[in-house]
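Participant: got a structure for you, letters missing:
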């Protein structure tokens, strides 16, 4: 038997010799340095800010099917061609066209007060002379579902649910169901109209619009949004315990379907040019403001990010494609059109990202990739760590326009930004260019450019995205 002083070092030496090799890093250091250089250039680049200034000034509001929508398509084609993109073109999309008209509302009893409403997208019109009815408060769709029809028949349903301020946008997801389904479900029970507390978090006397669902089998009733201060006023009158009556008049109407377009441009790839990294945003906006944060900032971000990648050396191995979608706000026809038109290409879409939460502080990155590609996603996200951004897991959703690609297996990256200030402006007349912080817009461009460049250069295969978890 050997003495311990001799065989213990031998064992240690053996362990060192047979230790498993460390996993290779997902990216060569040279590629990481290239991506860092793009990140730093983006933080000094104001292409996005000037694009956004131009879009909000020269085009302004661009609701689907409107003259502004058509101007936006022409604007996007001209500016992306001027920036040197290739394969710049418009792909025609048929969009629904809702006309806002004029909305008026006032409390008539017990204490008369004028209100400042806006119609929800898709709202029906009142009779020409308007309508007047008693107001019945309902908190949520769940409460409405347990309310007897007799309690709301012939009345104006007032949805009182408040949106909570959150940094991850979850407050919106909780509250927005009332906007989408409140009028439809109230109409089924015989209500004559609906008003909702705005799905927004500000204290301005500016109501937030947004789309609502309709059904051919259910009468479309007038549906108005009230600002938080006006909703407080209405609640205070209801709290007195006396019947509260409201008079309203609204002239919204549906126009004929109209033609719009998805606008597409590319920064061509090199060795793997047939594979696509998609950067998406929606070109349309609501009509109250100039669509600066929603989603002009997203449009400017993805164009500027792709422009930086196109000018990088070395250039992208994969093609970076910008898609500016039609009518995200009120129908999603642009997203469906893209999937239908490009179905044969979907297997060659390697990664997709969407910018549709304004240009606010970048908090982190989420992915949806196969589990064995999580180290790659983490390595990509680590380049945003100097801002305090974190990797936020593997449940990326992609957003309204890009999400359907994820459902088809396209890997996704979400740049998660601070949603709290966004929902003060969202869908209001206050969504204007002056609200955009140029430094934060540059940071968003830097995030998208860095991540998309790394995705374009990744030497491996990202595989197909796992299916999202479904709530039970």
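Facilitator: Arrived safely. Small disclaimer: the values here were computed from a predicted structure and weren't measured.
Participant: what distance separates stretch 448-466 from the centre of its chain?
Facilitator: Relative to the chain's own centre, stretch 448-466 is displaced by 21 Å; criterion: Cα atoms, centre = their mean, to the nearest Å.
Participant: which parts of that stretch are buried?
Facilitator: 448-458, 462, 465 (16 or more other Cβ atoms under 10 Å). Bear in mind the C-beta positions are built from the backbone N, C-alpha and C, glycine included.
Participant: from those residues, which is closest to residue 181?
Facilitator: When the buried residues of stretch 448-466 are compared for distance to residue 181, the smallest value, 28.8 Å, is given by residue 465; criterion: Cβ to Cβ.
Participant: And the pLDDT at that closest one?
Facilitator: With respect to pLDDT, residue 465 has a value of 93.
Participant: Residue 308 too?
Facilitator: Residue 308 carries a pLDDT score of 98 in this model.
Participant: One more: residue 468?
Facilitator: Value listed for residue 468 in the pLDDT field: 78.
Participant: How about the secondary structure of it?
Facilitator: Classification of residue 468 into helix, strand or coil gives coil, according to DSSP: H, G, I helix; E, B strand; the rest coil.
Participant: mind checking the backbone torsions on it?
Facilitator: Phi and psi for residue 468, reported as degrees, to the nearest 10, are phi -70, psi 150.
Participant: hmm, back to that, pull the most distant pair out of the buried residues of stretch 448-466.
Facilitator: 449 and 465 (22.0 Å).
Participant: Let me see the contact set for the residue positioned nearest the centre of the chain.
Facilitator: With the centre of the chain defined as its mean C-alpha position, the nearest residue by Cα atoms, centre = their mean is residue 356, 3.3 Å away. By Cβ atoms under 8 Å, 6 or more residues apart in numbering, the contact list for residue 356 reads 281-282, 294-295, 298, 328, 399-401.
Participant: Tabulate these (CSV), appending neighbour count, secondary structure and distance to residue 120.
Facilitator: As requested, those are arranged in CSV below (neighbours: other Cβ atoms under 10 Å; DSSP: H, G, I helix; E, B strand; the rest coil; distance: Cβ to Cβ, whole Å):
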residue, neighbour count, secondary structure, distance to residue 120
281, 26, strand, 23
282, 30, strand, 19
294, 24, helix, 16
295, 30, helix, 19
298, 31, helix, 23
328, 26, coil, 16
399, 25, helix, 21
400, 18, helix, 17
401, 29, helix, 21
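Participant: Name the nearest of the residues you listed relative to residue 104.
Facilitator: Among the contacts of residue 356, residue 294 lies closest to residue 104 (Cβ to Cβ), at 25.5 Å.
Participant: Next one: the closest one from residue 47, what distance?
Facilitator: Look at residue 294 and residue 47: by Cβ to Cβ, to the nearest Å, they are 20 Å apart.
Participant: Please apply the same query to residue 430.
Facilitator: Looking at residue 430 against residue 47, where the rule is Cβ to Cβ, the gap reads 25 Å.
Participant: ok, now residue 384?
Facilitator: To residue 47, residue 384 is 20 Å away according to Cβ to Cβ.
Participant: just residue 296 next, same as before
Facilitator: From residue 296 over to residue 47 the distance is 14 Å, taken as Cβ to Cβ.
Participant: higher neighbour count, those two?
Facilitator: Set side by side, residue 296 and residue 47 give different neighbour counts by other Cβ atoms under 10 Å, the larger being at residue 296 (33 against 18).
Participant: My understanding was that the more buried one contacts residue 56; is that so?
Facilitator: Yes. Residue 296 lies in contact with residue 56 (Cβ atoms under 8 Å); the separation is 5.8 Å.
Participant: between those two, what contacts are shared?
Facilitator: When Cβ under 8 Å, 6+ apart defines a contact, the residues bordering residue 296 and residue 56 alike are 290, 433.
Participant: re the thing from before, the buried residues of stretch 448-466 in helices, which ones?
Facilitator: Assignment to helices by DSSP state H places the following of those there: 448-457.
Participant: Could you dump those into a markdown table with pLDDT added?
Facilitator: As requested, those are arranged in a markdown table below (pLDDT from 0 to 100):
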| residue | pLDDT |
| --- | --- |
| 448 | 98 |
| 449 | 98 |
| 450 | 98 |
| 451 | 98 |
| 452 | 98 |
| 453 | 98 |
| 454 | 98 |
| 455 | 98 |
| 456 | 98 |
| 457 | 97 |
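Participant: Turn these into TSV, columns for distance to residue 107.
Facilitator: Supplementary listing: those in TSV, determined by distance: Cβ to Cβ, whole Å:
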residue	distance to residue 107
448	46
449	51
450	52
451	50
452	51
453	56
454	56
455	54
456	57
457	61
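Participant: quick check, nearest of those residues to residue 175?
Facilitator: residue 448 (27.9 Å).
Participant: Look up how far residue 356 lies from the closest one.
Facilitator: 12 Å.
Participant: Same check on residue 276?
Facilitator: Going from residue 276 to residue 356 by Cβ to Cβ gives 19 Å.
Participant: ok, now residue 54?
Facilitator: 20 Å.
Participant: got it, and residue 429?
Facilitator: To residue 356, residue 429 is 20 Å away according to Cβ to Cβ.
Participant: got it, and residue 78?
Facilitator: Residue 78 sits 23 Å away from residue 356, going by Cβ to Cβ.
Participant: likewise residue 413?
Facilitator: Using Cβ to Cβ, we find residue 413 at a distance of 14 Å from residue 356.
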